[in-house]
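1. kindly generate the corresponding structure for this input.
(chains A and B)
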Amino acid sequence: MNVPRPDRPKVFQPQMPASWWLKHPKYFLFMLRELSSVFIAIFLVVFLVQIAQLPRGQEAYIAFVQKFNAPGWIIFHIVALLFALYHSVTWFEAASKILVIRRGERRVPPQVVTAIGFGAWGALSLVVLLLFLFLRS
Amino acid sequence: MNEPTVTLQVTRYHPEHDEAPRPQLYSVPYREDWVVLDALNYIKDQIDGTLTYRWSCRMGVCGSCGMMVNGVPRLTCAAFLREYYPQEIRVEPLTNFPIIRDLVIDMDDFMQKLRSVKPWIIREGDRPLEEGEYRQSPAELEYYKQYSMCINCMLCYAACPVYGLEPEFLGPAAIALAQRYNLDSRDQGQAQRGPVIASHEGIWECTFVGECSVVCPKNVDPAAAIQQAKVTTTNAWFKSLLLPWGKR
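-> Predicted coordinates:
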């Protein structure tokens, strides 16, 4: 905290405007990243409710899932997917800053850590996709 | 032939005359090898001797000449006029700090925070001189070297919206310097710095905007220091929870 100093002439204390996050593209992207958690949280709650329909039988489950065909739900899922992708990209980029991996005396370059993250993400997504196609067939 | 000129819009604030800072325009000669600090020095020497700002080394070492140049925290000794020419250049005091006069900010808050993390090597007991120096391998140096490059220029505080919104936040440079000593193999002061770092005003206030690392002129990467300190602190907390009798 800035403590007042009576031995000094007055200082001008600037105030941060409420619109601070609109003044810089990086701050705006940061706020978008924070906002992404809201959509991901809503998606997860909906997903949990969807899973909770399973014990109620096939018909109840299908009836529930068919509600997602409404335009509002489609838009929501597209927006949530975009936010999830954006959040994941920033997550893997951040991981290289946080994870300090050493091989012998040298630090593994952060770019390698990021690349491993993206690689693992891509590989797992591929496995899920193949599993999905396999189960459908 | 007329010499090309560039216009600087400089913030002026006289605490005894002004209610709030005001912009003032100055026209200075444009030279390709001039930095913003050269232009400010020209104004002070040739146009208006009352303009007040801090500077010292002119070579990106002292960390005194940090200001907002077109809204971005920069060392004015490293911001060339040619990066902006022929556009007008806006020079303002570092944001998030109280303004004492013109481009001079009050850095007392930062100095207090810096002191609170004890940025020096702490030993539990000094060895006798005859036992020689505390040796360190290049690998041990590598652990903290990046963070030791901090020149206390406070650009990271000006870039941090969290510090602007929550002035209690310990801030990027102070935490990076705490990490610099915590990671030093010669240091034994981690337990003393811990409570300050792990307090609510410390690392947990940071929401990882990341701009501190972007504006850092020395590539210190304070954002990384803070996130790594979060991991270390969390690990230590879990260890103390699982092994309360064990040595951390």
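2. give me the most central residue, chain A.
-> For chain A, the residue nearest the mean C-alpha position is A:His87 (2.8 Å; Cα atoms, centre = their mean).
3. quick one: that residue is in a strand?
-> No. Secondary structure of A:His87 (DSSP: H, G, I helix; E, B strand; the rest coil): helix, not part of a strand.
4. what does chain B put close to chain A?
-> With Cβ under 8 Å from any Cβ of the partner chain as the criterion, chain B meets chain A at residues B:13, B:15-16, B:18, B:20-21, B:71, B:95-100, B:106, B:108-109, B:137-139, B:142, B:161, B:164-165, B:167-168, B:207-211, B:213-214, B:221, B:223-224, B:227-228, B:230-231. The C-beta positions use only the backbone N, C-alpha and C, and glycine is treated the same way.
5. in the chain, which spans are strands?
-> Using chain A. Secondary structure of chain A, counting by DSSP state E: strands at A:102-103, A:106-107.
6. let me rephrase: I mean chain B.
-> B:5-12, B:22-29, B:66-69, B:72-75, B:89-92, B:99-101, B:104-105.
7. out of those, nearest to B:Cys156?
-> Nearest to B:Cys156, of all the strands of chain B, is strand B:72-75, at 7.8 Å by Cβ to Cβ.
8. list the strands paired with that closest one, with their directions.
-> strand B:66-69 (antiparallel) (DSSP bridges).
9. and B:Asp18, how many neighbours?
-> A count of nearby residues for B:Asp18, using other Cβ atoms under 10 Å in any protein chain shown, gives 14.
10. typo on my end, it should be A:Phe30
-> Using other Cβ under 10 Å, A:Phe30 has 19 neighbouring residues.
11. and it, how far is that from A:Ala80?
-> Taking Cβ to Cβ, to the nearest Å as the measure, A:Phe30 falls 19 Å from A:Ala80.
12. quick one, what contacts the spatially most central residue of chain B?
-> Closest residue to the average C-alpha location of chain B: B:Met154 at 2.5 Å, with Cα atoms, centre = their mean. By Cβ atoms under 8 Å, 6 or more residues apart in numbering or on different chains, the contact list for B:Met154 reads B:Gly63, B:Gly66, B:Leu94, B:Phe97, B:Ile105, B:Met107, B:Phe110, B:Ala173.
13. picking up where we left off before, need the strands of chain B in TSV (columns: mean pLDDT).
-> Output for the strands of chain B, formatted as TSV (pLDDT from 0 to 100):
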stretch	mean pLDDT
strand B:5-12	98
strand B:22-29	98
strand B:66-69	98
strand B:72-75	98
strand B:89-92	98
strand B:99-101	97
strand B:104-105	98
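14. nearest to A:Lys67, of the ones you listed?
-> Minimum separation from A:Lys67 across the strands of chain B (Cβ to Cβ) falls at strand B:72-75, 48.3 Å.
15. CA atoms only: put that closest one into PDB for me.
-> This file holds the C-alpha atoms of strand B:72-75, laid out as PDB (Å, rounded to 0.1, in the frame of the first residue of the first chain):
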ATOM      1  CA  VAL B  72       3.400   0.700 -23.200                       C
ATOM      2  CA  PRO B  73       5.900   0.500 -20.300                       C
ATOM      3  CA  ARG B  74       9.300   1.000 -21.800                       C
ATOM      4  CA  LEU B  75      12.800   2.000 -20.800                       C
END
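16. surely B:Gly171 is in contact with B:Tyr157?
-> Yes. Look at B:Gly171 against B:Tyr157 with Cβ atoms under 8 Å: they come within range, at 5.2 Å.
17. residues bridging contact with the two, i.e. touching both?
-> Shared contacts of B:Gly171 and B:Tyr157 (Cβ under 8 Å, 6+ apart): B:Phe110, B:Tyr163.
18. setting aside sequence neighbours, what's the nearest residue to B:Glu205?
-> Nearest residue to B:Glu205, sequence neighbours excluded (Cβ to Cβ, 6 or more residues apart in numbering or on different chains): B:Phe169, at 4.4 Å.
19. to A:Lys26, which of the strands of chain B lies closest?
-> Nearest of the strands of chain B (Cβ to Cβ): strand B:72-75, 10.3 Å.
20. beta partners of B:Arg74?
-> In beta-bridge terms (that is, DSSP bridges), B:Arg74 pairs with B:Met67.
21. next, the contact list for the residue lying closest to A:Ile98 once chain neighbours are set aside, please.
-> Nearest residue to A:Ile98, sequence neighbours excluded (Cβ to Cβ, 6+ apart): B:Gln227, at 4.3 Å. By Cβ under 8 Å, 6+ apart, B:Gln227 lies in contact with A:Ala94, A:Lys97, A:Ile98, B:Cys206, B:Phe208.
22. okay, the residue lying closest to B:Ala229 once chain neighbours are set aside and B:Ala178: tell me how far apart.
-> Spatially, and ignoring its direct neighbours in sequence, B:Ala229 is nearest to B:Ile203 (4.9 Å; Cβ to Cβ, 6+ apart). Distance of B:Ile203 to B:Ala178, computed by Cβ to Cβ: 9 Å.
23. list residues touching both of these two?
-> By Cβ under 8 Å, 6+ apart, B:Ile203 and B:Ala178 have these common neighbours: B:Ile197, B:Ala229.
24. stretch B:65-83: end-to-end distance?
-> Terminal residues of stretch B:65-83 lie 18 Å apart, using Cα to Cα, to the nearest Å.
25. and it, what's buried?
-> Across stretch B:65-83, burial judged by 16 or more other Cβ atoms under 10 Å in any protein chain shown covers B:65-70, B:72-79, B:81.
26. rewinding a little: measure the residue nearest to the centre of chain A to chain B for me?
-> According to Cβ to the nearest Cβ, to the nearest Å, A:His87 and chain B sit 12 Å apart.
27. excluding chain neighbours, give the residue nearest to that residue in space.
-> A:Ser36 (4.3 Å).
28. what does B:Asn152 give?
-> B:Gly63 (5.0 Å).
29. run a quick check on the one you found versus B:Met149, I expect a contact.
-> No. Contact criterion Cβ under 8 Å: B:Gly63 and B:Met149 do not qualify, at 10.8 Å.
30. of those two, who's got more company?
-> Ranked by neighbour count (other Cβ under 10 Å), B:Gly63 and B:Met149 place B:Gly63 first, with 20 against 14.
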